[in-house]
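*Asks:* Quick one, structure for this:
(one chain, ligands or ions: 1)
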Amino acid sequence: MKRILLPLLGLFICNCLFSQSLPVRLSKDNIPEIVSLLTPEEKAALIVGARSTQFDGVGYTSLYVPGAAGTTHPVSRLGIPAIVLADGPAGVRIKDRPCTRFPNGTSLSSTWNADLVEEVGAAIGNEVREYGVDVLLAPGVNIQRNPLCGRNFEYYSEDPLLSGKIAAAYIRGVQSQGVGTSIKHFAANNQELNRLFLDARIGARALREIYLRNFEIAVKESDPWTLMTSYNYINGVYASENGELVSGILREEWDWEGTVMTDWGAGHDTGAIVSSGNDMIQPGSDAHYEAVLAGLRDGSLSVAAVDSAVTHILRLVVKTPRFASYEYSNCPDLEANAATARKAACEGMVLLKNDASTLPLSGRENIALLGVASYDFITGGTGSGDVNGAYIVDLQQGLRNAGVSLDGAVDEFYASYMEYERARCAAINKPGKKWYVDAERALEVVPREIILDAASAADAAIVTIGRVFGESKDRSYYHSYCLSEAEIELLRCTSEAFHRAGKKLIVVLDTGGIVDMAPWQHLADAILVCWLPGCEAGNAVADILLGKENPSGRLPMTIPVRYSDDPTFGDIPEILTDKPFNYSFYRQNLGDDFRKRYEIPNVDYVDYDEGVFVGYRYYVTGRIKVSYPFGFGLSYTTFRYSDMKTVLDGDTVHVSVRVANTGSVAGKEVVQIYVKAPGRDMKKPRRELKGFAKTGLLAPGESAVVEIDIPVSLLASFDERSDGWALEKGRYVFMAARNASDPIRKSRLRIR
Ligand code: BGC
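*Replies:* Model (predicted):
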């Protein structure tokens, strides 16, 4: 007996000693214990992030993965590592590290293909993980309310359903790689002008149905690890200090348990930020840190609020690769990812015009390639949405790779002109230039004689028009939305010369958003919008121009006849666009009085007067003529719709419609389901997108039944009188449509 007991006793004593000396380390099962062991200083440090991050408007950290956007704070004694955060959305943004430039947000949403976007997300996730990053600060899902918003290229659409579904797919893809995302910017960051101080004044209905619904869909369908609040105020309260929004709607109503962080430098009152449910302040400062401690000391900040924030942060940390000590390779599969980028870029391109089947080209033509953007292709936007890409295939290279012959004289002219312009731009774009100052780009040129000669020597002309913009300021109507005199002149001269010779002009719009079309579109035989399609740009555009890929992209926004037709026209004052107003002016002039706001309309606040009638909801309801409707896009083939059915089954409406390829080449069709509500209880848009699906590649003559499920809850509107969702009873019209202006089949359904 003694012989058995003695060793057992020894083991017991050993165990006791050992467990006393073994420090407790964070695990996914002991978060409450860890929270109880953290000192107030450690909690404050966790909440405010690394602080050492340099802040000059776009996130930059020198820690762990230098050039990423930021990190959290480690607490080594409890086994809490720092985790790394990097932008997003068009790939991973790490300074000096070659990452794949994927197509931008607008390009992805133009695919209307959630499966493909999920594939893109997975490819981006691979780079996130293999470069040692834990959370990608993407996707950006804010509504493209006004065409001049400087960040529209990062965002998806003027429609919340399309935005939400594409965002959910992107998030699922990225997170399938074991890394996190941060859906942003919650909410109503719909313009950049004065973004740190702008009050978005939005009625409850529009807020719920338009500006939050995109987030709601994505949060519920993909469960992002984190969410980033926006810079702006919403109805007088900073989004990052807004308890109703963060604790109320996001967490309680939507039942979401992830981690919330501020945008970089957003918010003002540390106590209000933490108390509202915003867990992490990025990049954080010593002042934030001190404020958390002071708040805890004087009781203005509750221990419960702080512990809740810390708990959310720790729940995030335990999910990350860094916590699992993942040994990242620094060597993502750039080749495979470039192929994914090219595929998505093709599918996001929208063919707006194709008179007399100008496209596809046969590939045997001799092409006059004009426009400086053809040789200096724009593949992404600026600011935090930029990606430090490994390479760019411009259109000249893309066409050459595809074996297309280019007019020699035109080629020669641009070779020397671009050499001159590149040197001129390089002298202006010196290192150290502020991130929000636009880079000088080659000036457009009209080589008249060369064009006239090319009209007899070449078979067709391609002109590329480029536009780049980004975070911190909005686009100028005159200098970005409208084409310049030189661009119009280039189009006119080329159109006249080539048409006189019986030849065609193809225009490629390499732009992050829409441009004014009415003054010049009649000059072109074909117009292709490729958005900013990422590193494989030239190859992808060539794939479409030559018919290797059949265009299947559809507009995620309306292109009005005139900008002034838009209900939000004037909300971005021209005189202030193009200026990083908030940084240079407010930061210097307001000093300590950071919160101060004036009462200047469209500078200090914007009234969202149009309510839910944003984009096509406005144009279609008011029967206002547009240049191209929401959802529009041509194909090299044609489709026929038949057999539309709607069946109500419990709380879901099943819609089905047969789509047949009636043309002579294979193609994909986007079936869009719009719904007209009875509209007796409150004013409703004449059509609202409630579902969509893209077919697979249908061979000529092939047909497929497209099935789309629409939850009945998606038909409800937000009733401001009762402050709740209300489902109107009565007859609903379901429309299967090619775009918002072109319903093809209708089916009626009574909701009781
Ligand atoms: C942007 C965010 C970005 C952050 C970090 C901010 O300026 O608004 O979208 O994630 O910087 O770079």
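
*Asks:* Quick one: residues contacting the residue nearest to residue 357 when sequence neighbours are not counted.
*Replies:* Among residues not flanking residue 357 along the chain, residue 636 sits closest, at 7.9 Å (Cβ to Cβ, 6 or more residues apart in numbering). Every residue, glycine included, has its C-beta placed from N, CA and C. Residues in contact with residue 636, defined by Cβ atoms under 8 Å, 6 or more residues apart in numbering, are 354, 357, 359-360, 547, 550-551, 663, 665, 667.

*Asks:* Now, of the residues you listed, which are buried?
*Replies:* Buried residues within the contacts of residue 636, counting neighbours by 16 or more other Cβ atoms under 10 Å: 354, 359-360, 550-551, 663, 667.

*Asks:* Would you reformat the residues you listed as TSV and include pLDDT?
*Replies:* TSV is the format used below for the buried ones among the contacts of residue 636 (pLDDT from 0 to 100):
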residue	pLDDT
354	98
359	98
360	98
550	98
551	98
663	98
667	98
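
*Asks:* Show only the entries of those residues found in strands.
*Replies:* Among the buried ones among the contacts of residue 636, DSSP state E puts residue 354 in strands.

*Asks:* ok, the buried ones among the contacts of residue 636 vs the ligand, which is closest?
*Replies:* Of all those, the ligand sits closest to residue 551, with 30.4 Å by Cβ to the nearest ligand atom.

*Asks:* what residues does the protein put near the ligand?
*Replies:* Applying Cβ under 6 Å from any ligand atom, we find that the chain lies next to the ligand at 57-59, 69, 87, 137, 184, 263-264, 384, 471.

*Asks:* Return the subset of these lying in helices.
*Replies:* Nothing among those maps onto helices, per DSSP state H.

*Asks:* Let's have these in JSON lines, adding pLDDT, distance to residue 433 and neighbour count.
*Replies:* Shown next, in JSON lines, are these (pLDDT from 0 to 100; distance: Cβ to Cβ, whole Å; neighbours: other Cβ atoms under 10 Å):
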{"residue": "57", "pLDDT": "54", "distance to residue 433": "13", "neighbour count": "18"}
{"residue": "58", "pLDDT": "67", "distance to residue 433": "13", "neighbour count": "21"}
{"residue": "59", "pLDDT": "76", "distance to residue 433": "18", "neighbour count": "23"}
{"residue": "69", "pLDDT": "92", "distance to residue 433": "19", "neighbour count": "28"}
{"residue": "87", "pLDDT": "95", "distance to residue 433": "19", "neighbour count": "29"}
{"residue": "137", "pLDDT": "98", "distance to residue 433": "23", "neighbour count": "31"}
{"residue": "184", "pLDDT": "98", "distance to residue 433": "25", "neighbour count": "28"}
{"residue": "263", "pLDDT": "95", "distance to residue 433": "23", "neighbour count": "24"}
{"residue": "264", "pLDDT": "91", "distance to residue 433": "19", "neighbour count": "25"}
{"residue": "384", "pLDDT": "89", "distance to residue 433": "16", "neighbour count": "27"}
{"residue": "471", "pLDDT": "91", "distance to residue 433": "15", "neighbour count": "22"}
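
*Asks:* Which members of those residues are the farthest-apart pair?
*Replies:* The distance between the two most remote of those (Cβ to Cβ) is 15.6 Å, for 57 and 184.

*Asks:* pLDDT wise, what is residue 171 at?
*Replies:* The model reports residue 171 with a pLDDT of 98.

*Asks:* Quick one: end-to-end length of stretch 223-235, please.
*Replies:* End-to-end distance for stretch 223-235: 27 Å, by Cα to Cα, to the nearest Å.

*Asks:* do the same with stretch 696-710
*Replies:* Taking Cα to Cα as the criterion, the two ends of stretch 696-710 lie 20 Å apart.

*Asks:* gap between it and the chain center?
*Replies:* Relative to its parent chain, stretch 696-710 has a centroid offset of 28 Å by Cα atoms, centre = their mean, to the nearest Å.

*Asks:* my read is the residue nearest to residue 357 is in a strand, agree?
*Replies:* No. Using DSSP: H, G, I helix; E, B strand; the rest coil, the assignment for residue 636 is coil, not a strand.

*Asks:* do you know how far it is from residue 358?
*Replies:* Per Cβ to Cβ, to the nearest Å, residue 636 is found 11 Å from residue 358.

*Asks:* Check residue 372 too.
*Replies:* Residue 372 is 23 Å from residue 358, by Cβ to Cβ.

*Asks:* more neighbours, these two?
*Replies:* For residue 372 and residue 358, the more surrounded residue by other Cβ atoms under 10 Å is residue 372, and the numbers stand at 22 against 18.

*Asks:* residues in contact with the residue in the chain positioned nearest to the ligand?
*Replies:* Nearest residue of the chain to the ligand, counting by Cβ to the nearest ligand atom: residue 59, 2.7 Å away. Residue 59 sits next to 53, 68-70, 85, 87, 137, 264, 282-283, 384 when contact means Cβ under 8 Å, 6+ apart.
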